[in-house]
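# Below is the sequence, then the predicted model.
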Amino acid sequence: MAEDESRSLEFTSTWIVAAVCSIIVLVSFAAERGLHRLGKLLLHKSQDALFEALQKLKEELMLLGFISLLLTVTQGPITKICIPDAAASHMLPCKMPTSHVSESYHRRYPPQTVNSIGKRLLLESSTGQHCAQGKVPLLSLEALHHLHIFIFVLAVVHVIFCCTTMVLGGAKIRQWKKWEDSIRNEPISRRNESVPELAERKETVHWRKSAIVSWMMSFFKQFYGSVTKSDYITLREGFIAAHCTSNPKFDFHNYMMRTLEVDFKKVVGISWYLWLFVVFFLLLDVEGWHTYFWLAFLPLILLLLVGAKLEHIITRLAQEVDEEKAKGHEARVKPSDEHFWFRRPSIVLYLIHFILFQNSFEIAFFFWIWSTYGFNSCIMEKLGYIIPRLLMGALVQVLCSYSTLPLYVIVTQMGSMFKEGMFHQHVHQSILGWAHGHSNE
């Protein structure tokens with residue numbers, strides 16, 4: 001039975017090899033053609049930013065393919081590296097059933113399963129019999145395979161979560177289109193009357209000048225009506241006054257949707273520093289530490305902090321409008337980087353990127369453990385730790401989609417500079433080409 005399960009390619013029926021290869025090639029080719037046709041469709045509909053996001057997704061798939069190839073090629077040398085029993089017994093996710101690691105290896109993979117000729121690397125590398133007494137393999141072949149699967153699941157879940165967040169957030173932002181249409185169709189005289197509405201909305205602006213009270217109000221405001229019509233109208237007028245004075249009918253809503261598409265291609269990928277976080281989180285998965293339970297609070301805390309900060313920026317803008325109005329000056333929002341952390345609005349996008357990735361990591365890790373080791377695995381921990389993790393993951397996804405992301409899209413327009421989506425893609429490329437040509441002269 002063991003020999004049948006470990007039959008090598010030279011003793012496998014050719015029709016089986018051909019059938020499996022055909023299925024793999026057909027599925028891969030269908031996926032590649034599907035992505036290619038999706039790209040052509042996006043270009044046909046002039047969705048250049050989404051097309052670039054698709055190209056970014058292809059790069060991530062290529063990276064995953066390289067990681068897969070690297071793990072496959074190096075699995076033999078890795079499993080032949082031997083380390084002392086004592087080193088392999090520290091920082092375990094689960095307690096070993098016996099005190100000796102090597103005994104556990106030999107009990108799980110008995111020597112009888114190894115082919116006597118020694119040609120089957122798969123089983124030989126799993127048994128650890130090439131290691132001297134008192135030593136065990138650095139990583140078993142089974143563990144390498146499970147790690148391989150986890151990396152793939154993590155990448156897929158991250159892409160799905162990012163796409164879901166952008167779709168739901170985009171749907172929320174599209175609801176503001178009626179506000180854009182109503183203000184653009186109004187006469188200029190009536191439109192100017194709408195500008196002070198932001199200060200009127202912050203009717204408690206005087207006592208909210210207290211930093212503690214202001215932050216508390218901003219914290220709770222993100223859970224309901226995070227962006228109102230008065231907010232939208234006033235922030236829109238402030239942006240146009242700062243960047244588009246010659247075009248009072250500038251389509252602010254369309255501009256925000258373009259910036260959202262541009263930002264999407266930045267968050268859909270997994271940057272190098274996020275892979276470092278994966279390594280760090282895996283390092284901390286030690287039995288008894290409940291690491292993943294405590295890590296589940298991290299994206300939620302960061303998301304609430306980002307949402308409160310964005311709401312607080314609107315409050316600060318309202319206070320400035322109120323102060324200018326008290327001085328008899330023109331009551332208009334003045335965009336500035338001063339309101340953002342370290343004078344960099346882009347930091348908010350990096351935080352949202354990390355939040356989405358960390359939440360994806362939590363959910364991917366849960367389903368990977370469930371499918372690989374079962375629900376009763378010691379890594380899964382008790383039900384009292386699992387339910388809060390899943391609830392927080394769902395809360396982060398919903399809150400980020402319907403509150404934080406829309407807030408980010410409109411509030412970060414209040415920086416000193418306009419964003420990349422200010423111009424359509426072809427105009428943007430033309431400007432870059434013109435600037436590059438003049439720089440070479």
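Looks like it came in fine. Numbering: from 1, shown residues only.
# for stretch 291-309, which positions count as buried?
Buried residues in stretch 291-309, counted by 16 or more other C-beta atoms under 10 Å: 291-293, 295-296, 298-300, 302-304, 306-309. In this view, the C-beta of every residue, glycine as well, is placed from N, C-alpha and C.
# now for the one helix or strand L276 maps to, which elements pack on it?
When secondary structure is defined by DSSP states H and E, L276 falls within helix 272-283. Judged by 3 or more C-beta pairs under 8 Å, 6 or more residues apart in numbering; DSSP states H and E, the packing partners of helix 272-283 are helix 291-295, helix 346-373.
# now the angle from the last one to helix 272-283?
With axes from the mean of the first three to the mean of the last three C-alpha atoms, to 10 degrees as the criterion, the two stretches helix 346-373 and helix 272-283 enclose an angle of 40 degrees.
# Let me know whether M96 touches S89 as I believe.
Yes: A contact is recorded between M96 and S89 when judged using C-beta atoms under 8 Å, the distance being 6.9 Å.
# any idea of the mean pLDDT in the helix or strand hosting P299?
Taking DSSP H and E as the definition, one finds P299 inside helix 297-326. Along helix 297-326, the predicted confidence averages to a pLDDT of 85.
# looking at this, V333 is in a strand?
No: when DSSP: H, G, I helix; E, B strand; the rest coil is applied, V333 is found to be coil, with no strand at that position.
# Would you check how far apart it and R258 are?
In this structure, V333 lies at 21 Å from R258, with C-beta to C-beta, to the nearest Å as the measure.
# where does the stretch 251-400 of the chain have low pLDDT?
Under the criterion pLDDT under 70, the flagged ranges of the stretch 251-400 of the chain are 325-331.
# repeat that with 80
Counting by pLDDT under 80, the stretch 251-400 of the chain contains low-confidence ranges at 265, 268-269, 287-288, 318-333, 377-382.
# same for the helix holding P299, what does it pack against?
helix 197-201, helix 211-221, helix 229-243, helix 346-373, helix 383-399, helix 405-411.
# would you turn the ones you listed into a markdown table with distance to F340 and mean neighbour count?
Output for the helices and strands packed on helix 297-326, formatted as a markdown table (distance: least, C-beta to C-beta, whole Å; neighbours: other C-beta atoms under 10 Å):
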| stretch | distance to F340 | mean neighbour count |
| --- | --- | --- |
| helix 197-201 | 18 | 20 |
| helix 211-221 | 14 | 15 |
| helix 229-243 | 14 | 21 |
| helix 346-373 | 7 | 20 |
| helix 383-399 | 21 | 16 |
| helix 405-411 | 9 | 24 |
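# tell me the SS of F161?
Counting by three-state DSSP, the backbone at F161 sits in helix.
# so it makes contact with I363?
Yes: in this structure F161 lies within contact range of I363 using C-beta under 8 Å: 7.4 Å.
# Spit out the residues that contact the two alike.
Counting by C-beta atoms under 8 Å, 6 or more residues apart in numbering, F161 and I363 have no shared contacts at all.
# so what's T72 closest to, chain neighbours aside?
The shortest distance from T72 to any residue that is not its chain neighbour, by C-beta to C-beta, 6 or more residues apart in numbering, is 8.0 Å, and that residue is H148.
# Please apply the same query to C162.
Nearest-residue entry for C162: V268, 4.8 Å, with adjacent residues in sequence omitted and distances by C-beta to C-beta, 6+ apart.
# just for the stretch 101-250 of the chain, where's the confidence low?
Counting by pLDDT under 80, the ranges of the stretch 101-250 of the chain that qualify are 101-130, 184-214, 225-226, 245-246, 248.
# what about A86, helix or strand, and which?
Secondary structure here is read from DSSP H and E; on that basis A86 sits in helix 85-88.
# OK, contacts around Y350?
Listed by C-beta under 8 Å, 6+ apart, the contact set of Y350 is empty.
# Surely D85 touches C131?
No: shown here, D85 and C131 do not form a contact pair, counting by C-beta under 8 Å, at 9.7 Å.
# before we move on, the earlier item: let me know how buried the residue nearest to C162 is, in neighbour terms.
If you count neighbours by other C-beta atoms under 10 Å, V268 ends up with 22.
# how much space between it and S403?
From V268 to S403 the distance is 20 Å (C-beta to C-beta).
# For the stretch 101-250 of the chain, which segments are assigned as helices?
Listed from the start of the chain, the stretch 101-250 of the chain has helices (DSSP state H, counting those that start in this stretch) covering 101-108, 121-127, 141-174, 177-184, 188-192, 197-201, 211-221, 229-243.
# Those helices into a markdown table, with extra columns for distance to G415?
Formatted as a markdown table, those follow (distance: least, C-beta to C-beta, whole Å):
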| stretch | distance to G415 |
| --- | --- |
| helix 101-108 | 55 |
| helix 121-127 | 55 |
| helix 141-174 | 18 |
| helix 177-184 | 20 |
| helix 188-192 | 23 |
| helix 197-201 | 17 |
| helix 211-221 | 18 |
| helix 229-243 | 10 |
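# OK, contacts around G170?
G170 makes contact with 257, 260 under the criterion C-beta under 8 Å, 6+ apart.
# Same check on the one 4 residues further on?
Counting by C-beta under 8 Å, 6+ apart, R174 makes contact with M257.
# what's near enough to touch W341?
Going by C-beta under 8 Å, 6+ apart, W341 touches 309, 347-348.
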